[in-house]
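>>> Fold the following and give me the result.
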Amino acid sequence: MMSRSATRMARSMLGHVVGPRYFSTTVARGGAATDAATIFRGHPRKLDVQKWMMRFSVAGNRNASTLALGEKHQDDEKAESGGSSGGAAAAGGNDNNKEIMSYWGVEPAKITREDGSEWRWNCFRPWETYKADVSIDLDKHHVPTTFLDKMAYWTVKALRFPTDVFFQRRYGCRAMMLETVAAVPGMVGGMLLHCKSLRRFEHSGGWIKALLEEAENERMHLMTFMEVSQPRWYERALVFTVQGVFFNAYFLTYLISPKMAHRVVGYLEEEAIHSYTEFLKELDKGNIDNVPAPAIAIDYWRLPPNSTLRDVVVVVRADEAHHRDVNHFASDIHYQGRELNEAPAPIGYH
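Okay, the predicted model is just below:
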């Protein structure tokens, strides 16, 4: 029988070997077996324990973490390929080719442009870019007739007043704040339609995708204007507050009355068209510098390389006009007593 001191030593060595094996992704090294051999050397009564510890250490190395084995496997592949495998860049497509190794084999696709040059953006792909239809009618307006229409209209008008007071003629910051709100309805509507489709075991008619496309498009507006104007700390704090209030208010509105929710967004987009029109007037007067267009805008809207901020505002305003049409159309469907999935969704309507 093993003495009490030998038992304590064995338990201690088990902690060194078993611990990393079962509670860590680190490969168990051979150091534990070496320590065991040193401790038990010269103790004939403990020879069996020494042999057992050596055998356990070998098994531990053989059955080491799959993550570590995966890293070693990918390191070998990298060495064979000369380290030329593409790594995932940051969301904006920076030039730091830092590779993220993973056992799961989810390799970032190497995407190129039509001319063969590397695509620098991870937040959108070349097939998601488009040329905006700037010929769309910007003056269309839905005249409120019903009680819900009037309620939606005057709610939006009431929201415009504090915005005018706070931002005044700082249209760059105003655009950023506008887009942090404008990107919410599409996501909320798409999420609720998604859950409804699951509950009812029925298709959405493409409206889930259409609304999520709208939300993503509005978010790309924000990413573009972030390249032109950086928000101050109190503006960031205001975004937290406004987004939290608006998200929950719109969520409840959509649950109670989808037709009113879409009508509210339609009127919001009409106000966005007005704001961007004023933005263009300030650019034309020279009150705002007409700086070169951000690279992300040139790629997203397929603008000419020499485009300016004015060109960006023009295509963004066209996007808002399309969103206006989609949401007024969705509201009209509900007013006719029908479900959205009864009418084909305007997917890709830009």
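>>> Can you tell me which helices and strands the helix or strand containing residue 161 packs against?
Counting by DSSP states H and E, the element that carries residue 161 is helix 147-167. Helix 147-167 makes packing contacts with helix 171-200, helix 258-285 when contacts are defined by 3 or more Cβ pairs under 8 Å, 6 or more residues apart in numbering; DSSP states H and E. From N, CA and C alone the C-beta is placed, and that goes for glycine too.
>>> avg pLDDT for that helix?
For helix 147-167, mean pLDDT rounds to 88.
>>> where along this structure do the helices fall?
Per DSSP state H, the chain carries helices over the ranges 4-23, 31-40, 47-62, 66-80, 147-167, 171-200, 207-225, 233-256, 258-285, 295-300, 309-335.
>>> Please identify which of the ones you listed is closest to residue 118.
helix 295-300 (12.1 Å; Cβ to Cβ).
>>> sorry, back to before: looking at the helices of the chain, which is nearest to residue 141?
Of all those, helix 258-285 comes closest under Cβ to Cβ, at 6.2 Å.
>>> Pull the distance from the closest one to the chain's centre.
In terms of Cα atoms, centre = their mean, to the nearest Å, the centre of helix 258-285 is set 24 Å apart from its chain centre.
>>> Dump the helices of the chain into JSON lines; add distance to residue 134 and mean neighbour count as well.
Shown next, in JSON lines, are the helices of the chain (distance: least, Cβ to Cβ, whole Å; neighbours: other Cβ atoms under 10 Å):
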{"stretch": "helix 4-23", "distance to residue 134": "60", "mean neighbour count": "14"}
{"stretch": "helix 31-40", "distance to residue 134": "68", "mean neighbour count": "18"}
{"stretch": "helix 47-62", "distance to residue 134": "65", "mean neighbour count": "16"}
{"stretch": "helix 66-80", "distance to residue 134": "47", "mean neighbour count": "13"}
{"stretch": "helix 147-167", "distance to residue 134": "24", "mean neighbour count": "14"}
{"stretch": "helix 171-200", "distance to residue 134": "17", "mean neighbour count": "20"}
{"stretch": "helix 207-225", "distance to residue 134": "15", "mean neighbour count": "22"}
{"stretch": "helix 233-256", "distance to residue 134": "28", "mean neighbour count": "14"}
{"stretch": "helix 258-285", "distance to residue 134": "12", "mean neighbour count": "20"}
{"stretch": "helix 295-300", "distance to residue 134": "14", "mean neighbour count": "20"}
{"stretch": "helix 309-335", "distance to residue 134": "5", "mean neighbour count": "22"}
